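Chemist: Please find the sequence and the predicted model below.
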Amino acid sequence: MHDLQDDFLVFITPFGAYLDLDKGARCMTSSWRRVDDTSIPARAKVTGLYVNNALAKTEAMLAGFDEAIMLN
């Protein structure tokens, strides 16, 4: 990824409340693991990396939880 031009774009849309702060959040430890930084750097916000997070969230929701906690 060299000799590339870069640019910046921000797209904003209202989503409303993610979680009800008055109720708290029911969380579970996901069977999915966070991608190692030597595979795809999580801090790079690489688009394909979000699939891993989506799988963990879906697993939590199907198990009756609000959110997933991913371990290294």
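Modeler: Structure's in. What do you need?

Chemist: neighbours around Ala68, how many?
Modeler: 21 (other CB atoms under 10 Å). Bear in mind the C-beta positions are built from the backbone N, C-alpha and C, glycine included.

Chemist: in which helix or strand would I find it?
Modeler: Using DSSP states H and E, the element containing Ala68 is strand 67-71.

Chemist: got the contact list for that strand?
Modeler: 19, 25-30, 32-34, 52-53, 56-57, 59-60 (CB atoms under 8 Å, 6 or more residues apart in numbering).

Chemist: 10 Å - rerun?
Modeler: Residues from elsewhere that reach strand 67-71, judged by CB atoms under 10 Å, 6 or more residues apart in numbering: 18-19, 25-35, 42, 52-61.

Chemist: if you count residues, which strand in this structure comes out on top?
Modeler: strand 27-33 (DSSP state E).

Chemist: Could you point out the helix or strand that follows that strand?
Modeler: helix 50-62.

Chemist: C-alpha coordinates for that next one, PDB please?
Modeler: Written as PDB, here are the backbone C-alpha positions of helix 50-62 (Å, rounded to 0.1, in the frame of the first residue of the first chain):
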ATOM      1  CA  TYR A  50     -15.800  -5.800  10.700                       C
ATOM      2  CA  VAL A  51     -17.100  -9.200   9.600                       C
ATOM      3  CA  ASN A  52     -15.500 -10.700  12.700                       C
ATOM      4  CA  ASN A  53     -17.200  -8.100  15.000                       C
ATOM      5  CA  ALA A  54     -20.600  -8.800  13.200                       C
ATOM      6  CA  LEU A  55     -20.300 -12.500  13.800                       C
ATOM      7  CA  ALA A  56     -19.700 -12.000  17.500                       C
ATOM      8  CA  LYS A  57     -22.600  -9.600  17.800                       C
ATOM      9  CA  THR A  58     -24.900 -12.000  16.000                       C
ATOM     10  CA  GLU A  59     -23.800 -14.800  18.300                       C
ATOM     11  CA  ALA A  60     -24.600 -12.700  21.400                       C
ATOM     12  CA  MET A  61     -28.000 -11.600  20.100                       C
ATOM     13  CA  LEU A  62     -29.000 -15.200  19.200                       C
END
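
Chemist: That's all I had, so thanks and see you.
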